[in-house]
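In: Need the 3D shape of this:
(2 chains)
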Amino acid sequence: MAFLQGRLVDNLPKVYGIYTGGFIVFIILMSILSSLGVSAATIGILFVAFTICIYAIIGWLSRTMQLDAYYVAGREVPAVYNGMATAADWMSGASFVALAGGVYFGGYVYMAFVVGWTGGYVLVNALMAPYLRKFGCYTVPDFIGTRYGGNLARLCAVIVLVVASFTYVTAQINASGTIAARALQIPFSVGIWVGLAAILMCSMLGGMRAVTWTQVAQYIVLIIAYLTPVIWMSNVQGFGIIPHFSYGGAVHRIQELQPLVKLGTAATESFKGLSTLKTPINASGSTMESWRFFTLCLCMMCGTASLPHILMRYFTTPSVRAARKSVGWSLFFIFLLYFSAPCLATLTKLQLLDPNLPTSIIGKPFAAVADLAWIKNWSAVGMLKLSDSNHDGILQLNEFFMRPDIVVLATPEMAGLPYVISGLVAAGGLAAAMSTADGLLLAIANALSHDLFYKMIDPNADTRLRLVVARVLLVIIGAAACAIASLQLTGILGAVAWAFDFACSGLFFPLILGVWWKRANREGAIAGMVCGFVAGSAYLWYVEHGGAPWIGIDHLRFAIIGMPVSLITMVAVTLMTPEPDAETQRMVDEVRVPSGGTILAQTH
Amino acid sequence: MAANDEKRRQHWAKTRNLTIVILIFWAIFSFVLPWNAYDLNSISFIGFPLGFYFTAQGSLIAFVLLIWIQNMFQDKIDDEFGMGEG
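Out: Got it, this is the predicted structure:
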C-alpha cells in the first residue's frame, strides 16, 4: 500500500479516485454477471453487501482514541470533501427515496421541499456556519451553552437537538430497513437491525472522523446511483443525455395528458399507505396553494439552518474561510441530486401516462398490466396495488395505487432498465439513509456525552471515559431509534419534515441572534427555546389529534407557529432582563472576525 | 485599541450589508418567484413553463451562485481589513 503512505488527508484525490473507479468496475462486473444469467436477487444482495463492507472498512481504518478526531475529525477536512460529506449527511433516505415520489404525487406544493432544502444553505452560509466554526465548539449546544452561559441554556439546546434528531433518525432507520428488506429479501423487522448494525460500524470506532470519510464514499455511490437512471431514462424517451435543461416538453405533454387520463377523479377504494395520483403537475393559481408552498418552504429552510447534524459538519474544516467554501461545495453537491428529482418525477410520470410510450400502463388492459414483472414484485411487498374498481378491464389512473416512497426505487424497473440499475439504486438509497443516520446518531450521542455528561455531570472525566461514554450512548440511541422505527408510525417524508420543524421552532433564533444580536442574553435565549419548542409541539399535538389546521398550517408546517413565538419571547425577555456582561459581548465581537484562534480552547 | 475597534466596526458593517443584499436575493428566489409560479407559467423558457422551471431548477441554480458570490465578496472584505486567514 505504498501509495497510501503519509496522512490520509494528503492522499484524498488518489484514494477517492481509485474508490470511484473501483465502484464503476464493480457495476460493470455486475452487469456481466447479470447477462451470464445470475439472478436479480443475487445482484441486489451483492450490491448492498459490497457497499456496506466498503463503508465498514473505512470506518474501521478511521478508528481513533483522540477527542479532536472523534468530535470534529481533527479539524482537517478540506472544503471539497467536507462538501461531499455534508451532502451525504444531508441527503437522507427522504431525499433519495421519497423526494421524487413526493413531487410525483404532490406537484407544485411539494417542490417546496426542493427549494427549501437547497435555499436553506444560503441561510447556513450567510448567518451560521462561518461564525460557529470560528467559535470552535464541538457540538451545537456547546455554542448555546458558552454564548449564553449556564447549564440551563445548554440543557434546553440538548433537549431540542435530541427531539429533532431522534425524530429524523427513526425515519432514516425506517428507510434503510425498507431498502435492506427489499434488496436482501428479508423481513422489514430484521432489515432495520441489519441497517443499524451497518450504520454503527461506520461511526462507533472513529466518531466524526470515520463518519466523514464514509460519508464521502457514500456520496459517490448515491450520486452515481441517482443520476444513472435519470440519464438513461431521458435517453430512452428522447430528451437528450442531460435531461435537466430539455425536459420542458415532458412537462407540457403531461399537462396535455392530465385531462385525458381524468386526473383528479377520486379513487373509489383506499388502501392503507398507498395513494393514487390526484394533483396536477403545475400550480393551479390559488392563493392558498402559494401560501402552502411558502410556509413549507420557510420551515424547511430555517430547519436546515438549525439542524445540528448539518451545522456540526462545518466544525470539521481547517479554517473559517474553508467552512464557508465548504458550504458552497455542499450545496453544489446537493444541488446535483435535487435538481434531478423533479426531472425524475416528471419523466416517470410521463412514461406511466403517455400511451405513445411502450412503458405506459394507464389505459391499458388490466390483466396485461397486472402481469408486468415490476408490478408483481412491488405488489408482493405491499407497496403497490392495482384494483379494477369499476370492473371494465382497463386500468384507470384512480385504480393505480402506489406508496410514494417507491417512485425512485421502482423507476428503473418501470422503465425496463436492466436489473443492475435497480441494484445500484438500492445501494444508493441505502448509502443516503445510512450516511444521514450516522450523522444524526453522532449528533445526539455527542451532545449527550459532551454537553450533558462532560460539561454538566462529570467535568473531571478523562479522555478515555468520555470516549467510552460517547460510544455506549451511540449504541443505546441507535437501538432505541430502531425499536421506534419498527413501529412504522409515519411515512418517511412526514417524520423528516417534523425534525426540521422541531429544530427551527427551538433553535433557529437562539442560534442566529447569538451571533447577530449582541444584546441577546441567557434569559431571552432560554425563553425563546422553551416557548418556541413548546408552542410548536403543542400545535403539532393539536393538529395530530383531530384539530382543524389554522389557515392550512398542517403537521408538516408547525414551525410556522413555533418560530414567531420563539422570536417574540426571546426578544421580549431579553429586553426585560439586563444585557450580557462585557466578556460575553467581547466574545460576540471576536466571533465576527474570521482571523485569529477559536474562542474555545483547542481541546475542551 | 481604538483604531482596531474602528476597523472591526467597519468590517462588521460591510459584512452585514453584504449579508442583507444576499438575503434579499435569496428571498426573491425562495418566495417571490415560486409564489407567482402560476402567472409565470404562461411564459415559456427554454421549453419549460417559467414558474415550473424556477421551482424545479432555476432557484436552485441561483442559490448555488449566491453562496459562491457571497463568499467571493466576503473574502475580499476580510482581506481588505487584514482579517482573512491567508
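In: so where's chain A uncertain?
Out: Low-confidence segments of chain A, defined by pLDDT under 70: A:1-7, A:488-494, A:601-604.
In: In space, not sequence, find me the middle residue of it.
Out: In chain A, the centroid-proximal residue (Cα atoms, centre = their mean) is residue A:92; its distance is 2.7 Å.
In: what about that residue, distance to residue A:561?
Out: 24 Å (Cβ to Cβ, to the nearest Å). From N, CA and C alone the C-beta is placed, and that goes for glycine too.
In: Measure how buried the residue of chain A found nearest chain B is and give me the count.
Out: Across chain A, the shortest distance to chain B (Cβ to the nearest Cβ) belongs to residue A:248, at 3.0 Å. Residue A:248: 19 surrounding residues under other Cβ atoms under 10 Å in any protein chain shown.
In: Same check on the one 10 residues further on?
Out: Residue neighbour count, defined by other Cβ under 10 Å, stands at 19 for residue A:258.
In: what residues are up against it?
Out: Counting by Cβ atoms under 8 Å, 6 or more residues apart in numbering or on different chains, residue A:258 makes contact with A:280-281.
In: In terms of helices and strands, where is it?
Out: Secondary structure from DSSP states H and E places residue A:258 in helix A:248-260.
In: What residues sit buried inside that helix?
Out: A:248, A:250-255, A:257-258 (16 or more other Cβ atoms under 10 Å in any protein chain shown).
In: just the helices in chain B please.
Out: Listed in chain order, the helices of chain B (DSSP state H) span B:2-27, B:33-35, B:37-40, B:50-53, B:59-80.
In: which outside residues touch the shortest one?
Out: I take that to be helix B:33-35. Outside helix B:33-35, the residues that touch it by Cβ under 8 Å, 6+ apart are A:111-112, A:115, A:290, A:293-294, A:297, B:40, B:51, B:54-55, B:58-59.
In: what residues does the stretch 451-600 of chain A put near chain B?
Out: A:589, A:592-595 (Cβ under 8 Å from any Cβ of the partner chain).
In: Once you drop chain neighbours, what's closest to the residue nearest to the centre of chain A?
Out: Computed as Cβ to Cβ, 6 or more residues apart in numbering or on different chains, the closest residue to residue A:92 that is not its neighbour in sequence is residue A:436, at 3.8 Å.
In: what's the distance between the one you found and residue A:86?
Out: 11 Å.
In: Point me to the helix or strand that includes the closest residue to residue A:125 other than its chain neighbours.
Out: Leaving out its chain neighbours, the residue that sits closest to residue A:125 by Cβ to Cβ, 6+ apart is residue A:327, at 4.1 Å. Taking DSSP H and E as the criterion, residue A:327 maps to helix A:320-338.
In: residues of the helix or strand that that helix is followed by that come out buried?
Out: Per DSSP H and E, the first helix or strand lying C-terminal to helix A:320-338 is helix A:341-353. Buried residues in helix A:341-353, counted by 16+ other Cβ under 10 Å: A:341-353.
In: How many neighbouring residues does the closest residue to residue A:63 other than its chain neighbours have?
Out: Nearest non-adjacent residue to residue A:63, counting by Cβ to Cβ, 6+ apart: residue A:205, 3.6 Å away. Using other Cβ under 10 Å, residue A:205 has 19 neighbouring residues.
In: Top of the residues of the stretch 451-600 of chain A next to chain B by number of neighbours, please.
Out: Using other Cβ under 10 Å as the neighbour criterion, residue A:594 leads those with 25 neighbours.
In: Tell me how far the closest residue to that residue other than its chain neighbours lies from residue B:22.
Out: Residue nearest to residue A:594 in three dimensions, not counting chain neighbours: residue A:320, with 4.1 Å by Cβ to Cβ, 6+ apart. Separation of residue A:320 from residue B:22 (Cβ to Cβ): 17 Å.
In: what about those two, which has more around it?
Out: Each of residue A:320 and residue B:22 has its neighbours counted (other Cβ under 10 Å); residue A:320 has more, 27 against 22.
In: measure stretch A:201-212 end to end?
Out: One end of stretch A:201-212 sits 13 Å from the other (Cα to Cα, to the nearest Å).
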